[in-house]
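K.L.:
Quick one: sequence plus predicted model below, questions after.
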Amino acid sequence: MVCPAQAYEVTDDRGVVVSFAQAPQRVVSLLPSLTETVCELGQCARLVGVDRYSNFPVSLQQLPQVGGGIDPNIEAIVALRPDVVLMAVSSRASDRLRTLGIKVLSLEPKTHADVQRVVLKIGQVLGVPDASKIWRAIDAGVSAAAQSVPASAKTMRVYFEVNQGPYAASEASFIGETLTRLGVKNIVPAKLGPFPKLNPEFVVRANPDLIMVGERSAAGLGQRPGWQTIRALRDNRVCVFAAEQANTLVRPGPRMSEAARIMAQCLADKAPKTSVIGGKP
């Protein structure tokens, strides 16, 4: 169900107030999590263009791609005549698009609370009144995944690598919040920010019991200086996620419950049979 046309205003994450005479029908999305949210709200048909990384659901691959989310192709976006462009706060294209008379909504979820807020905000923009059910489904799915984690896994200290650098998911990130709800300890504290770039020596000193990493970053973990001594590598407690799984894990949107299930399965697979985890080997 979509609400009837009426004028309204929405404030984005940059504090910019965007006015709409009616619900936008032509939408360009430049962030995969926002793209997936539009589709989960049942409004995929309104998308007329996406960034190169928005590849789920599969039907999106038929849409025009307008470059990357940070530096998109402005001319290609203008040619699509969008009623609104959804993009990350960190994108450098928002001001340029606004000067061209295009409405821009900058939204960038980094925590569970952010995801809930962004789902509701996109629902508001598109005139979908029951957007809250999307968040309720995500929240219930994460809770269900937590119930599947064996008790022995909850003694593990986890390192989640988002990308080479290495960039990690800290306790303050949506990934870190999911790990907390699954009952395990994240070795990267919230005070470092959601996705900090770490000195590799930090991970060596923290000596995690389990490493979660995408296949693009997994090659050569043991060759990093000192990493062969890390308990997770020594005991073969490393979950390497295929590209499709990795995409699901790092996108703060409707598939967060699926991401929680993937992480819960990793924890169950790598759970120790006898608990020496967290102490000295």
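P.N.:
Received the coordinates, thanks. Note that the coordinates shown come from a computational prediction; the quantities given were computed from them, not determined experimentally.
K.L.:
how about low-confidence regions in this protein?
P.N.:
Filtered on pLDDT under 70, the chain yields the residue ranges 1-5, 274-281.
K.L.:
Which residue ranges of it form helices?
P.N.:
32-40, 74-79, 94-99, 112-126, 132-147, 174-182, 200-206, 215-218, 231-234, 243-249, 256-270 (DSSP state H).
K.L.:
Looking at these, spot the one closest to Ala7.
P.N.:
Comparison of those against Ala7 by Cβ to Cβ identifies helix 112-126 as nearest, at 12.9 Å. Every residue, glycine included, has its C-beta placed from N, CA and C.
K.L.:
Excluding chain neighbours, what is closest to the most centrally placed residue in the chain?
P.N.:
Central residue of the chain (Cα atoms, centre = their mean): Arg251, 2.2 Å from the mean position. Setting aside the residues directly before and after it, Arg251 is nearest to Ser33 in space (Cβ to Cβ, 6 or more residues apart in numbering), at 4.5 Å.
K.L.:
how much space between that neighbour and Ala172?
P.N.:
Ser33 sits 17 Å away from Ala172, taking Cβ to Cβ, to the nearest Å as the criterion.
K.L.:
Counting neighbours, what do you get for the nearest residue to Leu267 once chain neighbours are set aside?
P.N.:
Distances taken as Cβ to Cβ, 6+ apart place Ala153 nearest to Leu267, at 4.0 Å, with adjacent residues excluded. By other Cβ atoms under 10 Å, 23 other residues sit near Ala153.
K.L.:
can you check Val18 too?
P.N.:
17.
K.L.:
The one 5 residues further on now?
P.N.:
When neighbours are defined as other Cβ under 10 Å, Ala23 has 21 of them.
K.L.:
same question, Leu198
P.N.:
The burial count for Leu198: 18, using other Cβ under 10 Å.
K.L.:
what about it, distance to Gly165?
P.N.:
For Leu198, the distance to Gly165 - Cβ to Cβ - is 7 Å.
K.L.:
One more: Val48?
P.N.:
34 Å.
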